[in-house]
Structures are given as structure tokens and as C-alpha cells.
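K.L.:
I need the structure of the sequence given here:
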Amino acid sequence: MKKSRKTPSSEIKEGKYRSIFNAANDGLILIDLETDRVVDANAAAWVMHGYTCEEFIGLHPTDLIHPMSRELFRDFVQTFRSDAEHDTLLRHVCRDGATFYAEWRGRLFSYRDRPCLLGVVRDVSRRIRTEKRLQKRIEANTREQATLLEISHTLASTLELQPGLILDQLREIIEYTHAGLFKLDDSTLTALAVNGPQQLEQAVPFQVRVEGPGILEALFNEHRPIRIADVNSADPEAVLLRLVLKGDTAGFLKGVQAWMWVPLEVKGRIIGVLGIAHSRRNFFTAHHAALALSMADQVAITMVNSELYENARGLAALQERQRLAQNLHDAVNQSLFSAGLIAEVLPRLWDRDQAEARKSLEDLRRLTRGALAEMRGLLAELRPSVISDSSLGDLLRQLANAFTGRTNIPVSVTVAGEHVLSSKIQVALYRICQETLNNIAKHAEASRVEIDLHYDANSADSTGKEKGARPATFTGTPQRVEVDSVEMQIRDDGRGFDSSVITAPGHYGLGMMRERAEAVGAQLTVISHPGQGTEVTLRWPRIAKQEAL
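P.N.:
Numbering: from 1, shown residues only. Next up, the predicted model:
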């Protein structure tokens, strides 16, 4: 009778630790480092791979490892040959070809006086799937926040309302079939832009009369978004929608099922609404509503800014300053909103990409610096004496910082000399520079701007110092130092234009700049060519008749 040979399992079973070995929830695999074969394993190890004990013992460990992870496993084994501790994450293959992720942790183990690797294998597939889903959500949220930030920059870069651009920007964060931007006047919604039905796009601006008691209150839902799963259902919100969009505007509802109303609110007052539709039923989620509401806040500020700007263009000088001061205040809100978005994204962005995070920190610094400059501009508008009493060089740098904060376009300011001009001349130079920067923001598409201010001092000032001498440092209220002339140049590298048409109707800004220059006896020159940028030059020569200015 042939004598039976004990298997490795039976030999370990005889040891005092065998019960612990078998009871472990994690897979335990014993690998002979000389033969590179599995010499023992517990039930958890062979079950998770779909083998029986007899099939599992004797396998080469790479039979259990996905080809994409075998190089990592070889490095893992080599580490243990050097008597070091190590762990790793590998992709495993089951007997039936299915795969899962396993975390390996091991140590050297002597078995039958042979060096072995005792590997502790834990199935972490569920954790990996959860982490991947979380990472996808983080990446999606980061993209959304970055897009919102870009939208904020775009909307803040102009004082003119561009309704079509707003709907195009909306599509960057929310997929839709139809969309409309409406302005509210009393109980009438005026469509400023439509993306969707061609007949409605061509009919813009058309009006939707909201009639009936309580309909407006129900439509704006206490200033919260309304999501409608099916516009054809009997739900009260769907019935209300069909009541509002009837007749010619019922075309909004053709080919769509889901709908969302998003109110546009400023300081507790509804000024309009975004209507967003999709062909898929119950498409819009609470997350969509939150995204749309974030953008709606910026759209509402832009609409108010645009209205204030248009009103300011037709008012007298004092009224214009008051309106512009409010406009500057709203611009600060946009800068701070953008800064807030960056601050929200930064922690997650820092963990993912520190180089990109540092760029965002620079954006944050630029925005806060621009907001500070805007607030100083606001104080100057509220106290006009600030403009006439301050250093013109400092005022131009303040305008440059505010412009960069709004537009992300760098501006260099160079001042040759430092003199105090008469108040009327200084205000004219300041206003012309301000209007020029506004024109660049709206039209130029520039990547950089340069401002040069040059004084030509008189042969002697009130203290008797010779021309060309280094100017004295001002203390307290600066003395009035006469200058023969002053020249200001503002250059941009934008798209330029045909300077022969600057006197044509519609160029209000340039016309106002010429009027300001002529009022103080200065000469304004505008040189521009398509694709070659623009140069605005203002020259003021001091003559005897201007001593009273």
C-alpha cells in the first residue's frame, strides 16, 4: 500500500495558526520565491478568484494578475526579495475572465525552510469604483465652476447687453433644446433673445402678456426656479406654462417636454426670467436649477449694468457720474463673485494640479486688485474733487488696475515727470482715458494696452527751479506747477478699425472724447487700421488764454 503524502495545507493545518489562516476574510496567498508558485492559500483567496483549493495551489501568481498589472507585480515581488516592506494595487483576473481590483500587502515568510512571500489580498473593487465616480463628479464640478468663472468674465467685460451671447454661454453649462431670455416690464415679458424655434428667433423682440391674478407670483415661485417634468401634463406648473405661452408663443412648446423657469433677480426685485426647454421628459435636475440660478445672478447684474450705462449716456454730467458710480459698484460685485468662484474651486484644484492652482491664485489677486481699483473709482465719482486734486499718474494707474480686473487684459502705465494740472484739463484727460479703456473692452479684442503720459515742464515753476530739474517731492497739497504741454497716448494691439468712419453716426464714445478735448483746447488724434490696433493721442499745449482753466 502506497504511503500517503501530506499536502502543504495539511502540514500548516497541524500548526497552531492554521485556524486563524483559514478564518481570515482577506485572501492569504503563500508564494515560494524560488519556484514562483503558490504553495498555499486560504479559502478567501481561491474563492475570490473562482478556483477550488486543488486548482489554486501550484498556480504561477501571474496567472491571477491582469496583463496590465504584471509589471507592477514583478516589482512588488522583487521588493520582497530585497527584504523590504511594500504594498501595491493590482488588477486581478478570475478563472472565468472577470476582473477586479485587489490591494496587496505582504511580508517575507519562512515555510519549510524556504523563503516565501505571504501576500494579504483584499478585493477593493467597490472602493475603486466609488473613488472613480467621486473623481468624475469632482472633475465635472470643477469644469462647471471654471465655465461659470469664464462666463462671469465674459459678462463683466462689456457694459452693453448681448442677449444672444448670454444664451450661448448658458448652453456651455446646461444642455437645452430651446431657450429664451425675457425682460419683465410691469406684467409683460419682452423676449430679448431666443435659441430654438426659427419663427420666434426672427420675431425677437416680441412680448408675452401675463394676464390674470396671481400668475406672476406663481411664475416666479418666490424667486426660486420651477422645474416641469412634462409640459403636457396636468401638473399645476405645466398648466401655468401653457397659459403663459399661448398663441404665437406656443411654438416654444413644440418638440419639447421638460421646462425650467429661472428668475432674474436684483436686490429682491425680479427683472426678467430665463426659459429653458428640453425634448426629453424630466430632463432638468436640481443641479441644473442651481447652475442656472448661479448664471442668472450674473445675467441680472449685467442687465442692470447695461440699463444704467444706456441711461448714463443721455444724462447731464452730474447725473452721468452718479449712474457710473452705481455701475462701478455692480462691477465690483461681479469681480467678487468671480473671486468667490475661484476660492471655491482652489482647494480641489490644488490637490489635482498645483501649477493650475497657482494660475488661479494669480487670477484671484488680479480680481481683488481690480475690485479695489473699482471702489477707488467709485469714490472718485462720488467726490469729483478727488479727480482734480489727485496725481494724474495715480489716477491712470487706478483706471488701468480696474480695467485689468474686469477684462484680464494687462495694462502698462508710464509717466514721465509728475506735475499737477489745472482741474479742467486733468478731468478731461482722466475722462478721455476712461472712455478709451471702455471702448477697448467693448470692441478691440486686445491682448495688451499701453498708457504713456509725458509732461513738458515750463522753464521755471513758482519756486524758480530751472526746466529739466528733478521735481520736488510733494507734501500735503501739491503746488500747481505750470507745464508747457502734456501728452497722453493710449495704444492697444486689438483688431483696430477704419479710422475714416469714426465720425459716422453711432460712434458716441469717440464723439464725446473729441468734445472733451476741444473744451480744454486740446487736440485728439485717433490712428487705427484693421488688424493693427489703435492709438489715441491727446496733446494739450499751454497758451496764455488757458491760464484761467
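
K.L.:
Please count neighbours and contacts with C-alpha atoms only from this point.
P.N.:
Will do.

K.L.:
residues touching A229, list them.
P.N.:
If you count contacts by CA atoms under 8 Å, 6 or more residues apart in numbering, A229 has them with Q257, A258, W259, R281, N282, F283, F284.

K.L.:
Pull out the buried members of those.
P.N.:
With neighbours counted using 16 or more other CA atoms under 10 Å, the contacts of A229 contain these buried positions: Q257, A258, W259, F283, F284.

K.L.:
Just the ones in strands from the residues you listed, please.
P.N.:
A258, W259 (DSSP state E).

K.L.:
for V526, helix, strand, or coil?
P.N.:
State at V526, reduced to three classes by DSSP: H, G, I helix; E, B strand; the rest coil: strand.

K.L.:
Would you mind stating the distance between it and R491?
P.N.:
Distance, V526 to R491, by CA to CA, to the nearest Å: 10 Å.

K.L.:
Now do the shared contacts for the two.
P.N.:
Shared contacts of V526 and R491 (CA under 8 Å, 6+ apart): T534, E535, V536.

K.L.:
Between those residues, identify the one with the most neighbours.
P.N.:
Among those, the one with the most neighbours (other CA atoms under 10 Å) is T534, at 25 neighbours.

K.L.:
What sits closest to it if chain neighbours are left out?
P.N.:
S528 (4.4 Å; CA to CA, 6 or more residues apart in numbering).

K.L.:
now swap in V256 and tell me
P.N.:
S279 (3.9 Å).

K.L.:
what's around the one you found, how many residues?
P.N.:
S279 is flanked by 17 other residues according to other CA under 10 Å.

K.L.:
which residues does it contact?
P.N.:
Counting by CA under 8 Å, 6+ apart, S279 has contacts Y176, T177, G255, V256, Q257, A258.

K.L.:
okay but the second one is in contact with V194, surely?
P.N.:
Think T177. No - if you go by CA atoms under 8 Å, T177 and V194 don't touch, sitting 10.9 Å apart.

K.L.:
Of those two, which one has the most company?
P.N.:
V194 (24 against 19).

K.L.:
do you know how far that one is from R352?
P.N.:
Taking CA to CA as the criterion, V194 is separated from R352 by 38 Å.

K.L.:
do L184 as well
P.N.:
L184 sits 43 Å away from R352, going by CA to CA.

K.L.:
more neighbours, those two?
P.N.:
Taking other CA under 10 Å, L184 and R352 do not tie; L184 has more neighbours (18 against 12).

K.L.:
rewinding a little: need the shared contacts of V526 and R491 in a markdown table with pLDDT, can you?
P.N.:
Listed next are the shared contacts of V526 and R491 as a markdown table, based on pLDDT from 0 to 100:
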| residue | pLDDT |
| --- | --- |
| T534 | 93 |
| E535 | 93 |
| V536 | 94 |
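
K.L.:
about what we covered before: got a list of what the residue nearest to T534 touches?
P.N.:
Contacts of S528 by CA under 8 Å, 6+ apart are G496, F497, D498, S499, T534, E535.

K.L.:
repeat that for 6 Å
P.N.:
S528 is in contact with G496, F497, S499, T534, counting by CA atoms under 6 Å, 6 or more residues apart in numbering.

K.L.:
With respect to pLDDT, which of those ranks lowest?
P.N.:
Across the set of those, S499 stands lowest in pLDDT, at 73.

K.L.:
got a list of what that one touches?
P.N.:
In this structure, S499 makes contact with S528, judged by CA under 6 Å, 6+ apart.

K.L.:
what's the spacing between it and H529?
P.N.:
Taking CA to CA, one finds S499 at 7 Å from H529.

K.L.:
so where is the stretch 151-300 of the chain shaky, pLDDT-wise?
P.N.:
In the predicted model of the stretch 151-300 of the chain, residues 151, 153-159, 213 satisfy pLDDT under 70.

K.L.:
Please enumerate the helices of it.
P.N.:
For the stretch 151-300 of the chain, applying DSSP state H, counting those that start in this stretch gives helices covering 163-171, 198-203, 215-220, 236-244, 286-313.

K.L.:
picking that back up, ok, the residue nearest to V256 to L167 distance?
P.N.:
Taking CA to CA, one finds S279 at 17 Å from L167.

K.L.:
what are the pairing partners of the longest strand belonging to the chain, and which direction each?
P.N.:
In the chain, with assignment by DSSP E, the single longest strand is strand 99-111. Paired neighbours of strand 99-111 in the sheet (DSSP bridges): strand 86-93 (antiparallel), strand 114-123 (antiparallel).

K.L.:
Just the CA coordinates for that strand, please, in PDB.
P.N.:
Extracted C-alpha coordinates of strand 99-111, given in PDB (Å, rounded to 0.1, in the frame of the first residue of the first chain):
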ATOM      1  CA  THR A  99     -11.500  41.200 -13.400                       C
ATOM      2  CA  PHE A 100     -11.400  43.000 -10.100                       C
ATOM      3  CA  TYR A 101      -9.000  45.400  -8.200                       C
ATOM      4  CA  ALA A 102      -7.000  44.000  -5.300                       C
ATOM      5  CA  GLU A 103      -4.800  45.600  -2.700                       C
ATOM      6  CA  TRP A 104      -1.700  43.600  -1.900                       C
ATOM      7  CA  ARG A 105       0.300  43.800   1.300                       C
ATOM      8  CA  GLY A 106       2.900  41.200   2.200                       C
ATOM      9  CA  ARG A 107       5.900  40.200   4.100                       C
ATOM     10  CA  LEU A 108       8.700  37.600   3.900                       C
ATOM     11  CA  PHE A 109       7.700  34.300   5.400                       C
ATOM     12  CA  SER A 110       9.800  31.100   6.000                       C
ATOM     13  CA  TYR A 111       7.900  28.000   5.000                       C
END
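
K.L.:
tell me which residues of it are tucked away?
P.N.:
Residues T99, F100, Y101, A102, E103, W104, R105, G106, R107, L108, F109, Y111 are the ones in strand 99-111 that count as buried (16+ other CA under 10 Å).

K.L.:
separation between the spatially closest residue to L89 that is not a sequence neighbour and L72?
P.N.:
In this structure, L89 finds its nearest non-sequential neighbour in E103, 4.5 Å apart by CA to CA, 6+ apart. Per CA to CA, E103 is found 12 Å from L72.

K.L.:
what do you get for A400?
P.N.:
55 Å.

K.L.:
which of the two has more neighbours?
P.N.:
For A400 and L72, the more surrounded residue by other CA under 10 Å is A400, and the numbers stand at 24 against 16.
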